[in-house]
Every structure is written in C-alpha cells, then in structure tokens.
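[1] Dropping a prediction and its sequence here:
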Amino acid sequence: MSVAVSLKTYLTDWAGSDASRQAVAATVTAIAEAGLGIADLVARGPLEEGLANIRGVDPNAGGDAQKELDVVAEELIREKLLPTPTAFLASEESEELIPLNPEGRLVVAVDPLDGSSNIDTNVSVGTIYSIMPYDASAFSKPEDAVMRPGSAQVAAGFLAYGPATILVATFGEGTQVFVHDRRTGEFLLARTDVEIPAETKEYGINQSNVRHWDAPMQRYLADCLAGKEGPRGKDFNMRWVGSMVADAFRIFTRGGVYVYPRDKRKGYDNGRLRLIYEAFPLAFLVEQAKGAATDGTTRILDIQPHHIHQRIPLVFGSKAEVEAIASYY
Ligand SMILES: O=P(O)(O)OC[C@H]1O[C@](O)(COP(=O)(O)O)[C@@H](O)[C@@H]1O
Ligand SMILES: [Mg+2]
Ligand SMILES: [Mg+2]
C-alpha cells in the first residue's frame, strides 16, 4: 500500500537546501497550522455562539461588517506567523500592514476568513493567502512590497473548512490539494497537478444582482439561461455557495466558472473581491491548474495594485468559459 505524502514531507522535499524556499515552507506550515485552529472553531458550530456576531460598529479595512471570527482568524494567523520569516502581514481585517519579523524576507497577504456571511450556517468557509518575496533594501516603504502585480507571488493557496479541511496550494509548479487527515492529524497530499477542464456548463454567480450588472454581463447570463436553444447551444447548471473558497474548490474538482462582476450598487463599481488577498492568490492557483482568471478582460496577475484593499471584478475557472465571458465585453 502506498503511503500518502504529508505536507511536511512535500515541503521539505520541495525546499531542499534552498533558503528562500525554506522560508516559504515555514510560512505555509504556519498558515496551515493556524488553519487547523480556525477549522476547530468552525467545527464547533453553534457551540461557539457569537463567532458570527458583528463586532462593534466599524467595518473592516475593505468596508464590510467585521464578524467575531474574522478577527479571531486574523489573530490566529498573526500568532503562527510571528516565528516565521514573514516581515509584514497584509490582512483584510487590518487597515495597515502588520509588522512581524524585522529580519523577514517575505510578505504575506491574507483573507483570514473567506465567506463570512456563511459562518453560522454550517457551510464551508476558508482562509486565503498570498506570499511574495521581501527585500527591505529594494523598497522605500513596506507597502510597496505588497503593491506588486500578482505575478510577483512565489506561493499562494487557500484552506477550506468544510466536510474535509483542505489546503489547495501552489509554489509555481502546478496546484496541489492536501487534505487534513483527522486520524493522523497531518495534511496529506490527495491530488497532484490538478487540471481544471477547459470547457464547462456550470457557472457560479450571485444572480440576484443581475439588474445591477453592466450590459455584457447581462447578455452573458441571458445566453446561458437560453440553454441549448440559445446562442451558446448548451444547457447550463448553476452553483453558488457564496464562499469563494468553496466555489473555487468545486471548480478545481470538476471545472466551472466563478464570476463576481462590477455592478451599479454603491461600493460595487469594482466588484466585491479584493485584488491582493483574494483575486491574486486565486488567479495564481487557477493558472497553475491550466485555468484562467481575468477582471472580465484583463489577466488578473498582470494588474498593478494601487491600494492594499482595492477591489476588482473577478472571473476565474475553465479557460474556454473565461474567454467566452471576455468576448461579451
Ligand atoms: O454576498 P455575496 O454578494 O454573494 O458575495 C459573496 C462573496 O463574498 C465573499 O464572501 C467575500 O469574502 P469575505 O467573506 O472574505 O468578505 C466571497 O467569499 C463570496 O464569493
Ligand atoms: Mg473573502
Ligand atoms: Mg474575509
């Protein structure tokens, strides 16, 4: 019987004697450990009453209401990252960069808790991370180290806390899926070099916003809904969890497309998702799995950020469908 490779072994082999890779490996290990702490809280469900409560009156740095678990998750991640070579942490829940290790050679950006609206519904939520190299002498201020196109990432991934706690990770050499084995307590490699099918008949979008979208997006959806008899010539299915990590994992498993377009509501002129700690890591993972990610037309990884918490319209998943959406624009 073959023995599944643990995350620890995978990272040790990948890093070898390369100090830069060892730094990344230590950082991903810390994030995975923090994830287990978060998964543990999430699994207590209604026993941890209060985790879905809105904290105070101030929204988070991105302008959304901040839930208790958003803040607890950030604290767990920050604590675990303290002994790692992470110089700064950018987080959805903190307006400014959080300084960690003054000797650090990496910057990490996180969405500590993705899918906050699902916290109290026993539906998967998750954690998203992005890792970039950091060299204090190369930047006049630490913010500049984060304000780089997504192509500067050396590693990215997400954890999803669902029926299984999974880690989907890339180090720039394909996308790998690890599963937390409750029997041994380890993350085990379950799927290597995942490939998102290029074609799909399944889309994920919050359709309740259709009246707010721009014309190309409305036309795209109308053509999907027209099914076999319409210009797309096929019947579509819809799936929308409302936690991007869970929608993404479905797409890594069987293909599909996730869409959060810009719309006319106040605060949605650049969509809903955050560029640096949501779109960049997802785009890196998706491209490494032979999928595509755009803001509708432009490749996400080429976009130059101008603000830590900026939002971006996001389309990712099966390559041919992402291209089909671009053709509507
Ligand atoms: O509530 P909506 O408009 O359907 O948006 C859902 C989307 O917002 C998000 O919850 C945004 O992430 P946060 O929960 O980290 O703010 C995505 O995970 C999800 O796909
Ligand atoms: Mg999120
Ligand atoms: Mg969040």
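    Nice, thanks for sending it over. Ligands and ions are numbered 1, 2, ... in the order given.

[2] In this structure Thr50 contacts Lys67, no?
    Slight slip there: residue 50 is Gly, not Thr. No: Gly50 lies out of contact with Lys67 (C-beta atoms under 8 Å); the separation is 9.5 Å. C-beta coordinates here come from the backbone N, C-alpha and C atoms, glycine included.

[3] what about those two, which has more around it?
    The neighbour comparison of Gly50 against Lys67 (other C-beta atoms under 10 Å) goes to Lys67, with 22 against 12.

[4] Following the helix or strand of the chain with the lowest mean pLDDT in sequence, what is the next regular element?
    When the helices and strands of the chain are scored by mean pLDDT, DSSP states H and E, strand 54-59 comes last with a mean of 74. Using DSSP states H and E, the helix or strand that follows strand 54-59 towards the C-terminus is strand 65-67.

[5] Now do the same for that following strand: mean pLDDT, whole number.
    Across strand 65-67, the average pLDDT comes to 90.

[6] Now do that strand: everything it contacts.
    51-56, 58-60, 93, 113, 116, 119 (C-beta atoms under 8 Å, 6 or more residues apart in numbering).

[7] Could you do stretch 172-185 as well?
    4, 7, 10, 14, 32, 36, 39, 153-155, 164-170, 186-194, 252, 284-286, 288-289.

[8] Next: stretch 132-139.
    20, 87-88, 104-109, 142, 145-146, 148, 152-154.

[9] out of those residues, which are buried?
    Buried members of those, counted by 16 or more other C-beta atoms under 10 Å: 87-88, 104-109, 142, 145-146, 148, 152-154.

[10] SS state for Ala34?
    Three-state call for Ala34 (DSSP: H, G, I helix; E, B strand; the rest coil): helix.

[11] SS state for Ala90?
    Assigned by three-state DSSP, the conformation of Ala90 is strand.

[12] now it, which residues is it bridged with?
    Listed beta-bridge partners, Ala90: Ala109 (assigned using DSSP bridges).

[13] Just the pLDDT for it.
    Per-residue confidence (pLDDT) for Ala90: 98.

[14] go on, the one 4 residues further on?
    Residue-level confidence at Ser94 comes out at 96, pLDDT.

[15] ok, and the closest non-adjacent residue to it?
    Counting by C-beta to C-beta, 6 or more residues apart in numbering, Ala61 is the residue found nearest to Ser94 once chain neighbours are left out, at 6.0 Å.

[16] since we're on Lys290, how many residues are nearby?
    Neighbours of Lys290 (other C-beta under 10 Å): 16.

[17] Spell out which parts of the stretch 101-250 of the chain neighbour ligand 3.
    Proximity of the stretch 101-250 of the chain to ligand 3, by C-beta under 5 Å from the ion, involves residues Asp111, Leu113, Asp114.

[18] Could you restrict those residues to the ones contacting ligand 2?
    Applying C-beta under 5 Å from the ion to these, one finds that Asp111, Asp114 fall near ligand 2.

[19] quick one: buried residues of the host helix or strand of Gln176?
    If you go by DSSP H and E, Gln176 is part of strand 175-181. Under the neighbour-count criterion of 16+ other C-beta under 10 Å, strand 175-181 has Thr175, Gln176, Val177, Phe178, Val179, His180 buried.

[20] now stretch 4-19
    By 16+ other C-beta under 10 Å, the buried positions in stretch 4-19 come out as Val5, Ser6, Leu7, Tyr10, Leu11, Trp14, Ala15.

[21] residue contacts, Leu275?
    Ile300, Ile303, Pro305, Gln310, Arg311, Ile312.

[22] Over to Gln288?
    Residues in contact with Gln288, defined by C-beta under 8 Å, 6+ apart, are Thr170, Gly172, Glu173, Gly174, Thr175.

[23] one more time with 6 Å, if that's ok
    Thr170, Gly174, Thr175 (C-beta atoms under 6 Å, 6 or more residues apart in numbering).

[24] What separation do you get for Lys8 and ligand 3?
    Lys8 sits 27 Å away from ligand 3, going by C-beta to the ion, to the nearest Å.

[25] separation between that residue and Tyr203?
    Separation of Lys8 from Tyr203 (C-beta to C-beta, to the nearest Å): 37 Å.

[26] re the thing from before, ok and the next helix or strand after the strand holding Gln176 relative to strand 175-181, angle-wise?
    For strand 175-181, the following helix or strand on the C-terminal side (DSSP H and E) is strand 186-191. Angle, strand 186-191 to strand 175-181, by axes from the mean of the first three to the mean of the last three C-alpha atoms, to 10 degrees: 140 degrees.

[27] What are the buried residues along strand 186-191?
    For strand 186-191, the neighbour count (16+ other C-beta under 10 Å) marks Glu186, Phe187, Leu188, Leu189, Ala190 as buried.

[28] Next: stretch 284-298.
    Across stretch 284-298, burial judged by 16+ other C-beta under 10 Å covers 284-296.

[29] Excluding sequence neighbours, find me the nearest residue to Leu11.
    Nearest non-adjacent residue to Leu11 (C-beta to C-beta, 6+ apart): Ala25, at 3.9 Å.

[30] element containing the one you found, please.
    Applying DSSP H and E, one finds Ala25 within helix 19-43.

[31] what's the burial count for Leu81?
    If we define neighbours as other C-beta under 10 Å, then Leu81 has 26 of them.
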